[in-house]
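J.: Have a look at this prediction, sequence included:
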Amino acid sequence: NAGVTQTPKFQVLKTGQSMTLQCAQDMNHEYMSWYRQDPGMGLRLIHYSVGAGITDQGEVPNGYNVSRSTTEDFPLRLLSAAPSQTSVYFCASRITSRGGSNIQYFGAGTRLSVL
Amino acid sequence: GQQVMQIPQYQHVQEGEDFTTYCNSSTTLSNIQWYKQRPGGHPVFLIQLVKSGEVKKQKRLTFQFGEAKKNSSLHITATQTTDVGTYFCARRGAGSYQLTFGKGTKLSVIP
(Lines give C-alpha, C1' and ligand atoms only; values in the text may rest on other atoms or scores of the structure.)
Protein backbone atom coordinates (compact mmCIF):
# COMPACT_ATOMS: atom_id res chain seq x y z
CA ASN A 1 0.00 0.00 0.00
CA ALA A 2 1.24 3.48 -0.86
CA GLY A 3 -0.97 5.08 1.81
CA VAL A 4 -1.83 8.71 1.12
CA THR A 5 -0.10 10.21 -1.90
CA GLN A 6 0.04 13.94 -2.54
CA THR A 7 1.27 15.72 -5.66
CA PRO A 8 3.05 17.96 -6.27
CA LYS A 9 5.48 18.18 -3.35
CA PHE A 10 6.38 21.79 -4.12
CA GLN A 11 4.63 24.49 -6.12
CA VAL A 12 5.17 28.18 -6.76
CA LEU A 13 2.25 30.20 -8.10
CA LYS A 14 1.67 33.79 -9.05
CA THR A 15 -1.21 35.67 -7.51
CA GLY A 16 -4.40 34.93 -9.41
CA GLN A 17 -3.29 31.61 -10.86
CA SER A 18 -5.35 28.50 -10.26
CA MET A 19 -4.16 25.01 -9.52
CA THR A 20 -5.22 21.66 -8.16
CA LEU A 21 -3.47 19.77 -5.39
CA GLN A 22 -3.89 16.06 -5.87
CA CYS A 23 -4.52 13.52 -3.12
CA ALA A 24 -5.07 9.79 -3.49
CA GLN A 25 -5.32 6.97 -0.97
CA ASP A 26 -5.35 3.23 -1.54
CA MET A 27 -6.66 2.13 1.87
CA ASN A 28 -10.37 2.32 0.96
CA HIS A 29 -10.91 4.98 3.61
CA GLU A 30 -14.27 6.73 3.60
CA TYR A 31 -13.04 9.90 5.30
CA MET A 32 -10.60 12.26 3.61
CA SER A 33 -9.63 15.77 4.56
CA TRP A 34 -7.37 18.69 3.73
CA TYR A 35 -5.43 20.73 6.27
CA ARG A 36 -3.17 23.70 5.98
CA GLN A 37 -0.28 24.22 8.34
CA ASP A 38 1.12 27.65 9.10
CA PRO A 39 3.77 28.54 11.72
CA GLY A 40 2.22 28.78 15.18
CA MET A 41 -1.24 27.89 13.88
CA GLY A 42 -1.17 24.13 14.00
CA LEU A 43 -3.23 22.14 11.50
CA ARG A 44 -6.40 23.82 10.34
CA LEU A 45 -9.11 21.90 8.53
CA ILE A 46 -10.04 23.25 5.10
CA HIS A 47 -12.54 20.73 3.71
CA TYR A 48 -13.44 17.14 4.38
CA SER A 49 -15.41 14.31 2.83
CA VAL A 50 -17.10 11.30 4.40
CA GLY A 51 -17.51 9.46 1.14
CA ALA A 52 -17.78 9.78 -2.62
CA GLY A 53 -20.11 12.61 -3.56
CA ILE A 54 -20.14 14.11 -0.05
CA THR A 55 -18.03 17.09 0.98
CA ASP A 56 -18.25 19.69 3.71
CA GLN A 57 -16.41 22.78 4.92
CA GLY A 58 -13.93 22.86 7.71
CA GLU A 59 -12.52 25.77 9.68
CA VAL A 60 -10.87 27.71 6.81
CA PRO A 61 -12.67 26.87 3.53
CA ASN A 62 -12.60 30.25 1.76
CA GLY A 63 -10.65 30.26 -1.49
CA TYR A 64 -10.67 26.48 -1.84
CA ASN A 65 -12.94 24.00 -3.60
CA VAL A 66 -13.08 20.23 -3.33
CA SER A 67 -14.91 17.36 -4.95
CA ARG A 68 -15.01 13.61 -4.26
CA SER A 69 -15.99 11.62 -7.32
CA THR A 70 -14.26 8.42 -6.17
CA THR A 71 -13.32 6.88 -2.83
CA GLU A 72 -9.63 7.12 -3.71
CA ASP A 73 -9.24 10.75 -4.81
CA PHE A 74 -9.86 14.06 -3.08
CA PRO A 75 -8.38 17.00 -5.02
CA LEU A 76 -8.14 20.50 -3.57
CA ARG A 77 -8.57 23.40 -5.97
CA LEU A 78 -7.31 26.93 -5.54
CA LEU A 79 -9.42 29.06 -7.84
CA SER A 80 -7.41 32.29 -7.69
CA ALA A 81 -4.30 31.97 -5.58
CA ALA A 82 -3.48 34.67 -3.04
CA PRO A 83 -0.29 35.22 -1.00
CA SER A 84 -2.29 34.33 2.13
CA GLN A 85 -2.58 30.80 0.76
CA THR A 86 1.16 30.27 1.03
CA SER A 87 1.32 27.29 3.34
CA VAL A 88 1.99 23.59 3.68
CA TYR A 89 -1.02 21.51 2.72
CA PHE A 90 -1.68 18.03 4.08
CA CYS A 91 -4.20 15.52 2.88
CA ALA A 92 -5.35 12.87 5.33
CA SER A 93 -7.63 9.85 5.39
CA ARG A 94 -9.09 7.41 7.88
CA ILE A 95 -11.85 4.87 8.40
CA THR A 96 -15.12 6.28 9.73
CA SER A 97 -17.04 3.13 10.61
CA ARG A 98 -17.77 2.23 14.23
CA GLY A 99 -15.02 0.05 15.57
CA GLY A 100 -12.56 1.54 13.15
CA SER A 101 -9.13 2.39 14.46
CA ASN A 102 -9.65 6.14 14.02
CA ILE A 103 -6.01 6.47 13.02
CA GLN A 104 -5.62 9.34 10.60
CA TYR A 105 -2.98 8.89 7.91
CA PHE A 106 -1.34 11.92 6.37
CA GLY A 107 0.30 12.48 3.02
CA ALA A 108 3.79 13.93 2.78
CA GLY A 109 2.46 17.42 2.12
CA THR A 110 2.54 20.04 -0.61
CA ARG A 111 4.58 23.16 0.04
CA LEU A 112 2.91 26.03 -1.81
CA SER A 113 4.25 29.53 -2.28
CA VAL A 114 2.10 32.25 -3.83
CA LEU A 115 4.03 35.27 -5.03
CA GLY B 1 -14.77 21.88 15.84
CA GLN B 2 -14.11 22.81 19.46
CA GLN B 3 -10.59 23.82 20.33
CA VAL B 4 -7.98 22.02 22.35
CA MET B 5 -5.30 24.13 23.96
CA GLN B 6 -1.75 22.86 24.06
CA ILE B 7 1.02 24.11 26.32
CA PRO B 8 3.79 24.96 26.07
CA GLN B 9 4.15 26.13 22.49
CA TYR B 10 7.90 25.55 22.54
CA GLN B 11 10.20 23.56 24.78
CA HIS B 12 13.98 23.34 24.68
CA VAL B 13 15.55 20.60 26.76
CA GLN B 14 19.00 19.19 27.26
CA GLU B 15 19.34 15.64 26.01
CA GLY B 16 18.51 13.30 28.87
CA GLU B 17 16.02 15.67 30.51
CA ASP B 18 12.33 14.88 30.70
CA PHE B 19 9.64 16.65 28.67
CA THR B 20 5.90 17.06 29.11
CA THR B 21 3.26 18.64 26.92
CA TYR B 22 -0.31 19.24 28.00
CA CYS B 23 -3.59 19.32 26.12
CA ASN B 24 -6.63 20.96 27.68
CA SER B 25 -10.27 21.24 26.68
CA SER B 26 -13.12 23.23 28.18
CA THR B 27 -15.52 20.41 27.34
CA THR B 28 -15.44 16.68 27.94
CA LEU B 29 -13.55 14.74 25.31
CA SER B 30 -14.81 11.43 23.95
CA ASN B 31 -11.24 10.56 23.09
CA ILE B 32 -7.89 12.21 22.46
CA GLN B 33 -5.22 11.37 19.94
CA TRP B 34 -1.54 12.28 19.83
CA TYR B 35 0.57 12.78 16.72
CA LYS B 36 4.24 13.52 16.14
CA GLN B 37 5.60 15.56 13.25
CA ARG B 38 9.31 15.47 12.58
CA PRO B 39 10.89 18.60 11.05
CA GLY B 40 9.98 18.74 7.36
CA GLY B 41 7.71 15.72 7.75
CA HIS B 42 4.05 14.95 8.15
CA PRO B 43 2.05 14.14 11.29
CA VAL B 44 2.21 10.51 12.35
CA PHE B 45 -0.27 8.90 14.71
CA LEU B 46 1.13 7.91 18.10
CA ILE B 47 -1.80 6.84 20.25
CA GLN B 48 -5.48 7.23 21.11
CA LEU B 49 -6.85 7.47 24.65
CA VAL B 50 -10.50 6.75 25.33
CA LYS B 51 -11.06 5.89 28.99
CA SER B 52 -11.11 8.24 31.95
CA GLY B 53 -7.78 8.10 33.80
CA GLU B 54 -6.21 5.96 31.09
CA VAL B 55 -2.42 5.67 31.04
CA LYS B 56 -0.55 4.15 28.12
CA LYS B 57 3.17 3.75 27.60
CA GLN B 58 5.28 3.44 24.49
CA LYS B 59 8.88 2.90 25.53
CA ARG B 60 9.94 6.31 26.96
CA LEU B 61 6.61 7.98 26.15
CA THR B 62 3.77 8.02 28.68
CA PHE B 63 0.31 9.23 27.70
CA GLN B 64 -2.38 10.12 30.22
CA PHE B 65 -6.06 10.97 29.93
CA GLY B 66 -7.50 12.97 32.81
CA GLU B 67 -10.14 11.60 35.14
CA ALA B 68 -12.62 14.23 33.92
CA LYS B 69 -11.64 13.58 30.28
CA LYS B 70 -10.88 17.26 29.78
CA ASN B 71 -7.12 17.06 29.61
CA SER B 72 -4.32 14.85 28.49
CA SER B 73 -0.55 14.81 28.69
CA LEU B 74 2.42 13.31 26.91
CA HIS B 75 5.57 12.77 28.96
CA ILE B 76 8.91 11.76 27.49
CA THR B 77 11.50 10.37 29.87
CA ALA B 78 15.18 11.04 29.18
CA THR B 79 14.76 12.80 25.84
CA GLN B 80 16.92 11.87 22.88
CA THR B 81 17.68 13.81 19.70
CA THR B 82 15.31 11.48 17.88
CA ASP B 83 12.45 12.97 19.92
CA VAL B 84 12.81 16.32 18.15
CA GLY B 85 9.63 17.47 16.45
CA THR B 86 6.20 18.89 17.08
CA TYR B 87 3.68 16.97 19.16
CA PHE B 88 0.00 17.52 18.51
CA CYS B 89 -3.07 16.43 20.37
CA ALA B 90 -6.31 16.07 18.44
CA ARG B 91 -9.93 15.66 19.39
CA ARG B 92 -12.94 14.41 17.54
CA GLY B 93 -16.18 16.08 18.50
CA ALA B 94 -19.14 13.97 19.58
CA GLY B 95 -21.19 13.11 16.52
CA SER B 96 -18.62 14.82 14.29
CA TYR B 97 -16.22 13.40 11.76
CA GLN B 98 -13.86 16.34 12.09
CA LEU B 99 -10.56 15.91 13.87
CA THR B 100 -9.49 19.19 15.50
CA PHE B 101 -5.81 19.63 16.30
CA GLY B 102 -4.13 21.67 18.97
CA LYS B 103 -1.44 24.11 17.86
CA GLY B 104 1.26 21.70 18.93
CA THR B 105 4.33 21.77 21.15
CA LYS B 106 7.64 22.06 19.34
CA LEU B 107 10.37 20.14 21.12
CA SER B 108 14.05 20.90 20.61
CA VAL B 109 16.67 18.66 22.17
CA ILE B 110 20.13 20.06 22.77
CA PRO B 111 22.76 17.31 22.49
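T.: Everything's here; your move. Because the structure is a prediction, the values reported are computed rather than measured.

J.: switch to C-alpha atoms for all contacts and neighbour counts from now on
T.: Noted.

J.: Just give the nearest non-adjacent residue to the residue in chain A that chain B sits nearest to, would you?
T.: Residue nearest to chain B within chain A: residue A:42 (3.9 Å; C-alpha to the nearest C-alpha). Distance criterion C-alpha to C-alpha, 6 or more residues apart in numbering or on different chains; nearest residue to residue A:42, sequence neighbours excluded, is residue B:103 at 3.9 Å.

J.: Surely the one you found is in contact with residue A:38?
T.: No: counting by C-alpha atoms under 8 Å, residue B:103 stays clear of residue A:38, with 9.8 Å between them.

J.: quick one on the thing from earlier: shouldn't the residue nearest to residue A:42 be within a strand?
T.: No: read with DSSP: H, G, I helix; E, B strand; the rest coil, residue B:103 is coil and lies in no strand.

J.: That one and residue B:87, how far apart?
T.: Remark: distance between residue B:103 and residue B:87 (C-alpha to C-alpha, to the nearest Å) = 9 Å.

J.: And for residue B:108?
T.: When residue B:108 is compared with residue B:87 (using C-alpha to C-alpha), they lie 11 Å apart.

J.: Comparing these two, which residue is more hemmed in?
T.: residue B:87 (25 against 20; other C-alpha atoms under 10 Å in any protein chain shown).

J.: show me what contacts that one?
T.: B:21, B:34-37, B:104-107 (C-alpha atoms under 8 Å, 6 or more residues apart in numbering or on different chains).

J.: Selection in ChimeraX covering whichever of those residues are buried, please.
T.: Here is the ChimeraX command that selects the buried residues among the contacts of residue B:87 (16 or more other C-alpha atoms under 10 Å in any protein chain shown):
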select /B:21,34,35,36,37,104,105,106,107
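
J.: I'd like the contacts of residue B:87 as a markdown table, with distance to residue B:70 and pLDDT appended.
T.: Shown next, in a markdown table, are these (distance: C-alpha to C-alpha, whole Å; pLDDT from 0 to 100):
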| residue | distance to residue B:70 | pLDDT |
| --- | --- | --- |
| B:21 | 14 | 98 |
| B:34 | 15 | 97 |
| B:35 | 18 | 97 |
| B:36 | 21 | 98 |
| B:37 | 23 | 97 |
| B:104 | 17 | 96 |
| B:105 | 18 | 97 |
| B:106 | 22 | 96 |
| B:107 | 23 | 98 |
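
J.: wait, which of the contacts of residue B:87 is closest to residue A:29?
T.: Nearest to residue A:29 out of the contacts of residue B:87 is residue B:35 (C-alpha to C-alpha; 19.1 Å).

J.: ok, so what distance separates the residue of chain A closest to chain B from residue B:60?
T.: From residue A:42 over to residue B:60 the distance is 25 Å, taken as C-alpha to C-alpha.

J.: Between these two, tell me which one has more neighbours.
T.: The neighbour count for residue A:42 versus residue B:60, taken as other C-alpha under 10 Å, is higher for residue A:42 (18 against 12).

J.: Test my guess that the more buried one contacts residue B:106.
T.: No: counting by C-alpha under 8 Å, residue A:42 sits too far from residue B:106 to count as a contact (10.5 Å).

J.: Can you list the buried residues in stretch B:4-13?
T.: For stretch B:4-13, by 16+ other C-alpha under 10 Å, it's B:4-7, B:9, B:13.

J.: In contact with the residue positioned nearest the centre of chain A, which residues?
T.: Central residue of chain A (C-alpha atoms, centre = their mean): residue A:34, 2.7 Å from the mean position. Neighbour list for residue A:34: A:45-48, A:76, A:89-92 [criterion: C-alpha under 8 Å, 6+ apart].
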